[in-house]
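Participant: My questions concern the predicted model and sequence given below.
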Amino acid sequence: MSGFSHIPVLRDEAVRMLAPGPDKIYLDGTFGGGGYAGAILDSADCRLIAVDRDPAAVARGRELAAQHSGRLQICEGRISQILDLLGAAGVGALDGAVFDLGVSSYQIDDPARGFSFRQDGPLDMQMGGAEITAATLVNTVPESELADILYQFGEEKASRRIAKAIVERRRLQKFATTADLAGVIRSVVRADKSGIDPATRSFQALRIAVNDELGDVAAGLAQAASLLAPGGRLVVVSFHSLEDRIVKRFFAQAAGRMPGASRHDPASLQETSRPQFKLLTGSPMLPSAAEVKANPRARSAKLRAMERLAP
């Protein structure tokens, strides 16, 4: 099916690390275009529960489920709702889970969704289930708060200059389109030597803020890990430093790899609990040069994986 022809970043590596087996139950926490889901279902005669907050992705999931005779169940919701969604599906334990974090190519490539500064569209950026749009943020948030959003979620060094330009412009005319906002950002920030568009970091920041992506990631990781049976694996692909920082820290804590307390801290005298997980990736797996050449969006991807230990 042409609708499932897109190959997601690090797909083969993620499925190999997940190691699906027959008669087991897996979670695809970020269904997107179904690339991971299709590969998992093709690799073993297993059952897969897929979750996505985007109604368009859920519709694609139902289409894919029809091809796999009851082995795929698609649920609409956020990854921070995994416990409730899987509970409603009658699933209380998992043999593995995979997350492909961030915005999907389907969302970026559709101008009507408002995620891309390369194509003009409404200033939306809602993945599904969000209560605000990007237009709401840029047109109503105070200048200092807007600067904080751009800095914290986009790591944009020119955040205050951009926020000032946005507020000055919105006094004259409200923002309604992606091209309009990108144009204002480019007017105050020059392209750097990397060739990355000056609007990249600001658009990332607004998208994350609209969808509370980082809060979802933290909650989703904890909930998926809590459902893993012994030997079950959690595989996560992230695309920017903010996501990867959350994943790296969560994995390190689960595997007992966090730095120990100071010897002057009373907590260091307490007996530490046995780690519940072991890391399968000491350093993150990265896409090959060939994959990055074929898909430039893969350049920043990092794959991390861990496995639950027997009690």
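Facilitator: Nice, I can see it. Numbers count the residues shown, from 1 in each chain.
Participant: contacting residues for the residue lying closest to residue 164 once chain neighbours are set aside?
Facilitator: Counting by Cβ to Cβ, 6 or more residues apart in numbering, residue 143 is the residue found nearest to residue 164 once chain neighbours are left out, at 6.3 Å. (Glycine included, C-beta is placed from N, CA and C.) Counting by Cβ atoms under 8 Å, 6 or more residues apart in numbering, residue 143 makes contact with 163, 164, 166, 167.
Participant: does the second one sit in a helix or strand, and which one?
Facilitator: Think residue 164. For residue 164, the host element (DSSP states H and E) is helix 159-172.
Participant: contacts for that helix?
Facilitator: So helix 159-172 is in contact with 138-139, 143-144, 146-151, 156, 175, 181, 184-185, 187-189, 202, going by Cβ under 8 Å, 6+ apart.
Participant: again, only this time at 7 Å
Facilitator: Identification of contacts with helix 159-172 by Cβ atoms under 7 Å, 6 or more residues apart in numbering yields 138-139, 143, 146-147, 150-151, 156, 184-185, 187-189, 202.
Participant: quick one: the residue nearest to residue 164 from residue 191, how far?
Facilitator: 24 Å (Cβ to Cβ, to the nearest Å).
Participant: Same question for residue 19.
Facilitator: Separation of residue 19 from residue 191 (Cβ to Cβ): 43 Å.
Participant: quick one, helices of the stretch 51-200 of the chain?
Facilitator: 55-65, 82-88, 105-109, 134-140, 143-154, 159-172, 178-188, 200-211 (DSSP state H, counting those that start in this stretch).
Participant: Tell me which of the ones you listed sits nearest to residue 235.
Facilitator: helix 82-88 (14.8 Å; Cβ to Cβ).
Participant: In terms of neighbours, single out the busier of residue 19 and residue 191.
Facilitator: Neighbours per residue, other Cβ atoms under 10 Å: of residue 19 and residue 191, the larger number sits with residue 19, 17 against 12.
Participant: out of everything not next to it in sequence, what's closest to that one?
Facilitator: residue 233 is the one closest to residue 19 (Cβ to Cβ, 6+ apart), at 6.6 Å.
Participant: That neighbour: which element?
Facilitator: Per DSSP H and E: strand 228-238 holds residue 233.
Participant: Which positions in the helix or strand that that strand is followed by come out as buried?
Facilitator: Counting by DSSP H and E, the next helix or strand C-terminal to strand 228-238 is helix 241-254. Of the residues in helix 241-254, 242, 243, 244, 246, 247, 248, 250, 251, 252, 254 count as buried by neighbour count, 16 or more other Cβ atoms under 10 Å.
Participant: What of stretch 166-185?
Facilitator: 166-167, 169-170, 175, 177-182, 184-185.
Participant: want to throw the residues you listed into TSV with pLDDT?
Facilitator: Listed next are those as TSV, based on pLDDT from 0 to 100:
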residue	pLDDT
166	98
167	98
169	97
170	97
175	97
177	97
178	97
179	96
180	97
181	98
182	97
184	97
185	97
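Participant: how's this protein carved up into domains?
Facilitator: 2-106+213-308, 131-211 (automatic domain parsing).
Participant: of those, which approaches residue 122 most closely?
Facilitator: Across the domains of the chain, closest to residue 122 is domain 131-211 (Cβ to Cβ), at 6.4 Å.
Participant: Give me the helix or strand of the chain that scores worst on average pLDDT.
Facilitator: helix 105-109 (a mean of 84; mean pLDDT, DSSP states H and E).
Participant: Return the closest of the buried residues of helix 241-254 with respect to residue 274.
Facilitator: residue 254 (11.6 Å).
Participant: who's in contact with that closest one?
Facilitator: 225, 275, 276, 277, 306.
Participant: Of those residues, keep whichever come out buried.
Facilitator: 225, 276, 277, 306.
Participant: Assumed the first one was part of a helix.
Facilitator: Yes. According to DSSP: H, G, I helix; E, B strand; the rest coil, residue 225 belongs to a helix.
Participant: nearest spatial neighbour of it, skipping sequence neighbours?
Facilitator: Per Cβ to Cβ, 6+ apart, closest to residue 225 is residue 234, 5.7 Å.
Participant: pLDDT weak spots in the stretch 151-300 of the chain?
Facilitator: Counting by pLDDT under 70, the stretch 151-300 of the chain shows low-confidence ranges at 259-272.
Participant: how about a cut-off of 80?
Facilitator: The stretch 151-300 of the chain contains residues with pLDDT under 80 at 193-195, 258-273.
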